[in-house]
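A.B. asks: Got a predicted model here, sequence first, then my questions.
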Amino acid sequence: MEQNGYSEYQDPKKRAAIGKISGLVGIACNFVLAGSKIAVGNFAGSTSIMADGINNMSDAASSAVTLLGFKLAEKPADREHPYGHARFEYLASLVVSAMILVIGFELAQKSIEKIKNPVPIEFSVLTLAVLLFSILMKTGMAVFNSRVGKKIQSTTLLATAADSRNDVVTTTAVLVATLAEHFFGWKADGPMGILVSLFILYSGVGLAKETISPLLGEGADAKLRTELMNHVKEHPLVLGCHDLMVHDYGPGKCYASIHVEMDKDVDPMECHDVIDHIERECLEKFGANLVIHYDPVSTNDLEQDKMRELVEQALAGKDERLRIHDFRMKEKEGETQLLFDLVLPDQLQGKEAEIENMLKERLACAGKKNICLDVTFDPEEG
């Protein structure tokens, strides 16, 4: 069941159960494939079949890493890790990616040696049967891990699926090389291994990049940001919201903060109750532990509204992407002080002073004297 973008499969316990099942299945399947290929490879004298069998042993280790990653990610929060241990899943994915890269390098080395010193491959029906069986099993594992990985949004299972897909390509290449030598006499074992190793290395680099990104703290998913913003805005007392920040501490561990504008004349206790209600709803519907900062704003100050309109018009003339919030106006020591936050697009970073000077000039031209600006520049929200 899915409710407003938050799937039941994102529940940490269910994710861990599914991940551990995938790990156990992977260990069992890869041991069967490794044993059969190593035996047949020795019999046929095929380096590529032997390498493929060793690759399956590595895949069994990858499945063990997957199993361990989901197990460690289950650990509850403690004093040293108050946000839990869900990022262990990302680390497991990174280890799997590293193992894929090692396999790619090893296969490249063996293939180069095979090109230098070609050894005839002994063809048999048993060899053909083992390779076809491997292709079918690995295709099934790739489809299974890919579908489950997407359902529970697991980088580890998606990495495992990519690993299985690589094995399908590898084994298919071995089969093609074996048939090419048997029927046409072509020594394709080594060159085919080189091509496959390059594919595996390319895949491993891509997976590593995808795994490192959340560990470094990538931006929040655009869909989640939109859903959170829209849900907060739906409440009748909320006049606007901004400065949404989302922090990912691993699958199922999402923490966020946002500023919410409400009329300053509404009872603060009522505003507090509304904020609590919105926070609980966001946790239930989106799995996000949201903390809301309350921004009281004036809604019946005509002079302030006119001043805000002047500022917005000036900014629109500079760049239509410039937006402001938390606009306030107060008199201080004979000056009119304007306080507001200004969302600055990436392309305008470094031009803060230029924008402030432009605003002062525009306000002066409009007859607004003794204006003091107190601007907080916010980065553009992703």
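C.D. replies: Ah, there it is.
A.B. asks: Now for the nearest residue to residue 349 once chain neighbours are set aside: which residues touch it?
C.D. replies: By the measure of C-beta to C-beta, 6 or more residues apart in numbering, the closest residue to residue 349 outside its immediate chain neighbours is residue 379, 7.8 Å from it. Where you see a C-beta, it was placed from the backbone N, CA and C, and this is true even at glycine. Residues in contact with residue 379, defined by C-beta atoms under 8 Å, 6 or more residues apart in numbering, are 343, 344, 346, 349.
A.B. asks: For residue 379, give its distance to residue 314.
C.D. replies: Residue 379 sits 21 Å away from residue 314, going by C-beta to C-beta, to the nearest Å.
A.B. asks: same deal with residue 102?
C.D. replies: The gap separating residue 102 from residue 314 is 58 Å, by C-beta to C-beta.
A.B. asks: out of the two, which sits in the busier spot?
C.D. replies: The neighbour comparison of residue 102 against residue 314 (other C-beta atoms under 10 Å) goes to residue 314, with 19 against 13.
A.B. asks: All the helices of the protein, residue numbers only.
C.D. replies: Using DSSP state H, the helices found in the chain span residues 12-44, 47-73, 88-116, 125-151, 155-184, 189-216, 222-233, 268-286, 302-318, 352-365.
A.B. asks: now the fourth one and helix 88-116, what's the angle there?
C.D. replies: Our comparison of helix 125-151 with helix 88-116, counting by axes from the mean of the first three to the mean of the last three C-alpha atoms, to 10 degrees, yields an angle of 150 degrees.
A.B. asks: Then the last one?
C.D. replies: Between helix 352-365 and helix 88-116, the angle comes out at 130 degrees (the same axes, to 10 degrees).
A.B. asks: Name all residues that make contact with residue 84.
C.D. replies: Residues near residue 84 by C-beta under 8 Å, 6+ apart: 75, 76, 77, 249, 250, 253.
A.B. asks: quick one: residue 314 from residue 60, how far?
C.D. replies: Taken as C-beta to C-beta, the span from residue 314 to residue 60 is 65 Å.
A.B. asks: what mean pLDDT does stretch 327-335 have?
C.D. replies: Here stretch 327-335 scores 81 as its mean pLDDT.
A.B. asks: In that stretch, which residues are buried?
C.D. replies: For stretch 327-335, the neighbour count (16 or more other C-beta atoms under 10 Å) marks 327, 328, 329 as buried.
A.B. asks: Run through the bridge partners of the last one.
C.D. replies: If I follow you right, that is residue 329. With DSSP bridges as the criterion, residue 329 is bridged to residue 338.
A.B. asks: Thought residue 297 was touching it, still the case?
C.D. replies: No - Residue 329 is beyond contact range of residue 297, at 11.3 Å (criterion: C-beta atoms under 8 Å).
A.B. asks: quick one: low-confidence parts of the chain?
C.D. replies: The model of the chain has pLDDT under 70 over residues 1-12, 44-49, 51-52, 82, 119-123, 216-220, 250-252, 381-382.
A.B. asks: let's go with 50 and repeat that
C.D. replies: In the predicted model, the chain carries pLDDT under 50 at residues 1-6.
A.B. asks: Phi first, then psi, for the residue lying farthest from the centre of it.
C.D. replies: What lies farthest from the middle of the chain is residue 334; by C-alpha atoms, centre = their mean that is 51.7 Å. Main-chain torsions, residue 334, degrees, to the nearest 10: phi 80, psi 0.
A.B. asks: quick revisit: in a markdown table: the contacts of residue 379, plus neighbour count and distance to residue 361.
C.D. replies: Below are the contacts of residue 379 laid out as a markdown table (neighbours: other C-beta atoms under 10 Å; distance: C-beta to C-beta, whole Å):
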| residue | neighbour count | distance to residue 361 |
| --- | --- | --- |
| 343 | 18 | 21 |
| 344 | 21 | 19 |
| 346 | 9 | 25 |
| 349 | 11 | 21 |
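A.B. asks: Look up the closest residue to residue 312, ignoring the ones flanking it.
C.D. replies: Using C-beta to C-beta, 6+ apart and skipping the chain neighbours, the partner closest in space to residue 312 is residue 324 (6.6 Å).
A.B. asks: Look at the one you found and say how many residues are nearby.
C.D. replies: 18.
A.B. asks: what do you get for residue 363?
C.D. replies: 19.
A.B. asks: measure residue 295 to residue 239 for me?
C.D. replies: Using C-beta to C-beta, residue 295 is found at 9 Å from residue 239.
A.B. asks: Between the two, which contacts overlap?
C.D. replies: Shared contacts of residue 295 and residue 239, defined by C-beta under 8 Å, 6+ apart, are found at 261, 262.
A.B. asks: who has more neighbours, these two?
C.D. replies: Per other C-beta under 10 Å, whichever of residue 295 and residue 239 has more neighbours is residue 295, with 19 against 16.
A.B. asks: can you tell me which residues contact that one?
C.D. replies: Taking C-beta under 8 Å, 6+ apart, one finds 259, 260, 261, 262, 326 in contact with residue 295.
A.B. asks: Equivalent analysis for residue 293, please.
C.D. replies: By C-beta under 8 Å, 6+ apart, the contact set of residue 293 is 243, 257, 258, 259, 260.
A.B. asks: out of the contacts of residue 379, who's nearest residue 71?
C.D. replies: Of all the contacts of residue 379, residue 71 sits closest to residue 346, with 40.4 Å by C-beta to C-beta.
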